[in-house]
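> give me the fold of what follows.
(3 chains)
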Amino acid sequence: MDDILLQILNGLDKGGAYALIALGLTIIFGTLGVVNFAHGALFMLGAFCAVAVKSLLGFEKVALDPTKLTAWGTPVEIRTPYIEAWFGDFGAQMLNFSVPISIIIAIPVMLLIGIIMERGLIRHFYKRPHADQILVTFGLAIVLQEIVKSQFGANPIPQPAPEIAKGMVDFGAMIGLQAGGVVYPAWRLIYFLFSLFVIAAVFSFLQFTTFGMVVRAGMADRETVGLLGIDIDRRFTIVFGIAAVVAGLAGVMYTPILSPDYNMGMDFLVLSFVVVVVGGMGSLPGAVVAGFLLGIVQSFASMNEVKSIIPGIDQIIIYLIAVVVLLVRPRGLMGRKGVMEQ
Amino acid sequence: MSKFTISRRGLLKSTAIAGVGIAAPTILTSRAWGYTNEPTGGTVTFGFNVPQTGAYADEGADELRAYQLAVEHINGEGDGGMLNTFSSKALRGNGVNGKKVVFVTGDTQTKSDAARASAKRMIEKDGAVMITGGSSSGVAIAVQGLCQDAGVIFMAGLTHSNDTTGKDKRANGFRHFFNTEMSGAALGPVLEKEFGKDRVAYHLTADYTWGWSQEGSIKKYSEDLGWQTQAAVRTPLGAGDFSQYITPVLNSGADVLVLNHYGRDMVNSLTQAVQFGLRDKVVNGKDFAIVVPLYSRLMAQGAGENVKGIYGSTNWHWSLQDEGSKAFVSSFGKKYGFPPSQAAHTTYCQALLYADAAQRAGTFRPSGVGAAMEGFKFDGLGNGPTEYRAEDHQCFKDVLVVKGKENPTSKFDVLEVVEITPRAQVEYPASLLGGELGPYNDGA
Amino acid sequence: MGRNTTPKQDYLLLIGFSAAVFAAPFILTPVGAGYPDLLQKFAIFGIFALGFNILFGLTGYLSFGHAAFLGVGSYAAVWTFKLFSMNPILALIVATVIGGAFSVIIGFISLRRSGIYFSILTLALAQMSYNMAYSVLTPITNGETGLQLAQSDPRILDAALGRDYGAVLPSSDLFGIHMNGYPGYYFCAVIFIACFFLSMRIFRSPFGMMLRAVKSNQNRMSYTGLNVRPYTLAAFVISGMFAGLAGGLLAVTDPLAGAERMQWTASGEVVLMTILGGAGTLLGPVIGAGVIKYFENIFSAFNEGVLMQVFDFLPAFLQHAMVSVSSLFVGEGWHLTLGALFMVIVIFLPGGLMEGFNRLRTLGSRVLRRHVDDPEVPDPVERAPGPAE
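Model (predicted):
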């Protein structure tokens, strides 16, 4: 029982990440009609916002200690982050909270990256075939990755969560089970809640603002909205920016779980497409539902009890679900007719 | 055809034994039967085939740095590094067999196909007589097979699977790095000393040949101590988030978690295991322990402070205080500003060992170089007295058991050496791992 | 849909193509690509891309799982070597048949959907195959290490014919000619030309017209009472067989089959090759395959020493500056160049490299005021209209 509850928590946690990435991807699909193979790279850029913030905060004052030598004969360097040298404990706390601080920084940065991408590149590909979109965004993804690699190297870079969120939470006791049975890392619970919060924010933005209304109308029938004299292009730029922010935030918050490296976006790229398609093209709720569904199913498929019956099932379950869903429901769980079927 | 090959081999062997002293027959044979990429000018070409893209790109970059350093030292530039401490004095800093060493590089991408394509380019186009490098066992075995077919020597880089010098060994292939069998043998006694005989282990294993091999050897040696193995769970390569495999450990009753992962998988699974509180947990009245059988200092940096107090084994570490290691760290550090990794060390040694064997054999002919390498005993390359065993072309040397350092003084100082397990303790009969070396292939 | 081509022009194109393929070792040596392995790769991935283009270029169905057929073909060929004979012809037949059979299964399932749903179905099925081959199916595929030959393999047919390979590992040979080095390349080249011819015939046939019609408007086709599924499935299986053949050739020239051949990145690579060269054109995919393989093998090999030589003619300080700038794009940075190349091509040449050639040709003929009859440059063919948005 405890094990099952733990796996549900795992699934929700994983699902939160899947849902966030897929949400941005499906917004871009739905509104702009663009197959964005650079979406994984946006997730990766978000994660590297956290890396960059931490290394900026941790910018070190280097003093040489000539009395001690390294193994290769140069003086030992004594490194103190400037922020600690200047602000003492407060500075140390800033470093400790570098991941949450990164969120605040990542929002404008990712918005800017998204807007530049849309204005500079994506915009010119709205009317081009999907094949061209794939080639150009894939090329862009490689270029972005290589730039990150040349700056930060290929190795993963650890990004610890703040001390306060490093511990475990006795989730079982909170819902009235025996204490100690279901304990879960605080940061992962925070990640789940955070993903719910971002999803809710995106939905209410699209649902309750005029801007969102126009965008939704644009998703349904772009030409008519244009005929009404509404400048849909400018709004689409912002939509792309928002999608980039959502992917970036998913990346920032994920860094304590997965030490970021330049290639992490590619790992999530295929997965996020599968999530979006299982959810159904053009459906935002579909992407969220599919994200959590696949997360939970994947967790359960990894249990020893399941694997002992079907060996290797955890390796293929995501794809298996995708195949079954698409065969049973032609447009995924909640897809609309006519979107991306050509 | 086959008869002819055998007689040729016999002749070659006898000429190799006759040595450099009787020059005439050597020249005659080499004229009569050339070998692949026999160098004719004033230079000899080595092929450095390392991962430059993908997850092991940093390790590959470090290997390349070490190779460049080795070439400098062989050609008599720089401070000579470990050539000064190496027990064999055949190399005199004027290249090999009077030829200056030059090199070509290529990207393995840590994919067998790409690595073979790259190695083939070096052999077919650039005229390399020796291929070396790599950062995974799949690639090492694939390239080793290729070099056997093409008739050049392969000096394996970082490859830890038993199969490289076991099931899939080839006459033209040589490995300096240690393997999973030695890791298990070295870790066993230390685990007993630190954690006692009454433990319940839970394995998470990367689901491919190296992972299985590592799991098998740790199981073997820990069960010999009296440990129980509660479960051994296979995880997909590159799973990223391992939470679904880690939560079942929490309430399983196991008190040791063995992570048979390498590279990014190791960084992620270790980070997440610590996140789930496993390092601080108390089970069965004992402190919960995590073991990472194969450590890499470069990768350990990626796991940050999560490695503190975690045990594992490694081929070499820059904090070693023997003369060879000191010379190498000093030479490498002066040139690049940071200490070398174990990948850099093993590849530097491989380049040197090949050059030395070719110098002693007086030829670059694979069978000649191989004969000089087989059974070669040496010292001064950072691992104490070492031997290239003739039966399987595997180096036997001391193995380091290391632990994540509690108070690192720099970002390179993440591991501390707990014990240097002597060579005698990790040696095994060559027949244990099976496989056939087969005859040398000198190519055409 | 471009202008009609006459059979005469087609034959000129075929002759020119064959001449270029046979002369490739000499033509490509000045650019550093004139060595057997890379030439073999050009031909093999050319076949792979030709086949992919029959599906994608003609019907517009974008498969993201074609590498699965390549991988299955390789495994089939190596198993044929192990069990029956080192003769490449038999191995290729088996590889093509198994590749085709596997594509019947995957095609039958995937073609029930269209558009991106089709793409994801092929991707999912191929990834399942890859993951299984890497881990659970290791007894058949030898997992990460890859399936290799062994001395102790039975090789029933060879044994029956009394062939003994002695103490060394056998390599595939066609009646005594070993399939590595240049003989291997010319073996690939013959098959490559045959595949090109076949692909040309398909493009020009009524069947090819039917597939193009599927691409331009599937609904209209259905309204005429025609069931298009058999046509698309046929195209899918043909392209699967091309992929199986290419996989088989990979094993013939180098008898090792690894699971990573089936990974989605490998499937993506053939998609990129086809689009980069020009989807729907005859020659485009071949050129795209060549460009990508060239970058992978030659650009990745440039290191600082090589660059120093390249910029040797400059004064020392300029030499160092040029080396440090250009080393970002070659050696370990070759991915960056490839990514940038993708972007530049697709931004400025929407029809891929073939459009670039055609533009050059138009420009050239305008300048020279005469018709350039270079068979290397194909007719300004069908720049196929992209799938409707």
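> ok, then the element right after the helix or strand bottoming out on mean pLDDT in chain C?
Within chain C, judged by mean pLDDT, DSSP states H and E, the helix or strand with the poorest mean is helix C:218-223; its value is a mean of 74. The first helix or strand that comes after helix C:218-223 along the chain, using DSSP states H and E, is helix C:229-253.
> are the helix or strand following that next one and chain B in contact anywhere?
Helices and strands here follow DSSP H and E; after helix C:229-253, the next one along the chain is strand C:256-257. Yes - interface with chain B: strand C:256-257 contributes residue C:256 (CB under 8 Å from any CB of the partner chain). (Glycine included, C-beta is placed from N, CA and C.)
> just how off-centre is strand C:256-257 within its chain?
The chain centroid and the centroid of strand C:256-257 are separated by 17 Å under CA atoms, centre = their mean, to the nearest Å.
> and it, what does it pack onto?
helix B:137-150, helix C:67-83, strand C:147-148, helix C:229-253 (3 or more CB pairs under 8 Å, 6 or more residues apart in numbering or on different chains; DSSP states H and E).
> which other helices and strands does the longest one contact?
Think helix C:229-253. Counting contacts by 3+ CB pairs under 8 Å, 6+ apart, helix C:229-253 packs against helix C:36-59, helix C:67-83, helix C:88-110, helix C:181-204, helix C:206-216, strand C:256-257.
> next one: that helix to chain centre, how far?
The chain centre lies 11 Å from the centre of helix C:229-253; the measure is CA atoms, centre = their mean.
> and the strands in chain A?
Using DSSP state E, the strands of chain A run over residues A:60-69, A:75-81, A:168-170, A:183-185.
> ignore what I typed, I meant the stretch 151-300 of chain B.
For the stretch 151-300 of chain B, strands defined by DSSP state E, counting those that start in this stretch occupy the ranges B:153-156, B:173-175, B:200-206, B:228-235, B:256-260, B:282-283, B:286-287, B:289-294.
> report the strands that pair with the third one, each with its relative direction.
So the one you mean is strand B:200-206. Each strand that pairs with strand B:200-206, with its direction, by DSSP bridges: strand B:228-235 (parallel), strand B:256-260 (parallel).
> averaged pLDDT, that strand. What do you get?
For strand B:200-206, the per-residue pLDDT values average out at 93.
> one more: the first one?
In this model, strand B:153-156 carries a mean pLDDT of 96.
> can you tell if that strand touches chain C?
No - Strand B:153-156 lies apart from chain C when judged by CB under 8 Å from any CB; the minimum separation is 13.6 Å.
> what helices or strands is that strand leaning on?
Taking 3+ CB pairs under 8 Å, 6+ apart as the contact cut, strand B:153-156 packs with strand B:130-133, helix B:137-150, strand B:173-175, helix B:342-361, helix B:366-373.
> please identify which of these is closest to chain A.
If you check each of the helices and strands packed on strand B:153-156 against chain A by CB to the nearest CB, helix B:342-361 wins as the nearest, at 12.0 Å.
> tell me the angle that closest one makes with strand B:289-294.
Relative orientation of helix B:342-361 versus strand B:289-294 (axes from the mean of the first three to the mean of the last three CA atoms, to 10 degrees): 30 degrees.
> and the average pLDDT for helix B:342-361 is what?
Helix B:342-361 shows an average pLDDT of 95 in the prediction.
> got the angle between it and helix B:366-373?
Angle of helix B:342-361 versus helix B:366-373, following the same axes, to 10 degrees, is 100 degrees.
> CA atoms only: put helix B:342-361 into PDB for me.
Written as PDB, here are the backbone C-alpha positions of helix B:342-361 (Å, rounded to 0.1, in the frame of the first residue of the first chain):
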ATOM      1  CA  GLN B 342      41.500   8.700 -14.600                       C
ATOM      2  CA  ALA B 343      40.500   8.700 -18.200                       C
ATOM      3  CA  ALA B 344      43.400  11.000 -19.000                       C
ATOM      4  CA  HIS B 345      45.800   8.800 -17.000                       C
ATOM      5  CA  THR B 346      44.800   5.500 -18.600                       C
ATOM      6  CA  THR B 347      45.000   7.000 -22.100                       C
ATOM      7  CA  TYR B 348      48.400   8.600 -21.400                       C
ATOM      8  CA  CYS B 349      49.700   5.300 -20.200                       C
ATOM      9  CA  GLN B 350      48.300   3.500 -23.200                       C
ATOM     10  CA  ALA B 351      50.000   5.800 -25.600                       C
ATOM     11  CA  LEU B 352      53.300   5.500 -23.700                       C
ATOM     12  CA  LEU B 353      53.100   1.700 -23.400                       C
ATOM     13  CA  TYR B 354      52.400   1.300 -27.100                       C
ATOM     14  CA  ALA B 355      55.300   3.600 -28.100                       C
ATOM     15  CA  ASP B 356      57.600   1.700 -25.700                       C
ATOM     16  CA  ALA B 357      56.600  -1.700 -27.000                       C
ATOM     17  CA  ALA B 358      57.100  -0.600 -30.600                       C
ATOM     18  CA  GLN B 359      60.500   0.800 -29.700                       C
ATOM     19  CA  ARG B 360      61.500  -2.400 -27.900                       C
ATOM     20  CA  ALA B 361      60.200  -4.500 -30.800                       C
END
